[in-house]
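# Sequence first, then the predicted structure, then my questions.
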Amino acid sequence: MPEYEGRIVYVDVVTSEPSARPVLERYPTRYIPTSVFVGADGAVVETVMGPLTEAGLRTRLDVLAE
């Protein structure tokens, strides 16, 4: 979503990848898909388990991008 460029960082973590371990240790999940929305201060703002619609994703990103 180019309109969030420079304001939002996306991190795609595949749980079977060894490189995902540090992210999963900091932001643990139990179900796939799980979206963890983290503020600029590193605090979890919201965790959503299950798929998100584009509208649902945009709503959450708009809050983070403020």
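Happy to help now that I have it.
# And for the residue nearest to Val38 when sequence neighbours are not counted, the neighbour number?
With CB to CB, 6 or more residues apart in numbering as the measure, Val44 is the residue that lies nearest to Val38, at 5.7 Å, once sequence neighbours are left out. (C-beta placed from N, C-alpha, C; glycine too.) Residues contacting Val44 under the criterion other CB atoms under 10 Å number 11.
# thought Val44 was touching Ser35?
No. Val44 is beyond contact range of Ser35, at 10.9 Å (criterion: CB atoms under 8 Å).
# before we move on, the earlier item: ok, now which ones touch the residue nearest to Val38?
If a contact means CB atoms under 8 Å, 6 or more residues apart in numbering, then Val44 has 27, 36-38 as its contacts.
# Now for those: which two are most distant?
Pairwise distances among the contacts of Val44 were taken by CB to CB; the largest, 9.9 Å, belongs to Tyr27 and Phe37.
# Between these two, which contacts overlap?
Listed contacts common to Tyr27 and Phe37 are 44, 47; contacts here mean CB under 8 Å, 6+ apart.
# neighbouring contacts of the longest helix seen in the chain?
Across the chain, the longest stretch assigned as helix under DSSP state H is helix 54-65. Taking contacts as CB under 8 Å, 6+ apart, the residues outside helix 54-65 that touch it are 1, 4, 7-8, 35, 37, 39, 45-46, 48, 52.
# Using pLDDT, spot the least trustworthy of those.
In terms of pLDDT, the lowest of these is Met1, showing 84.
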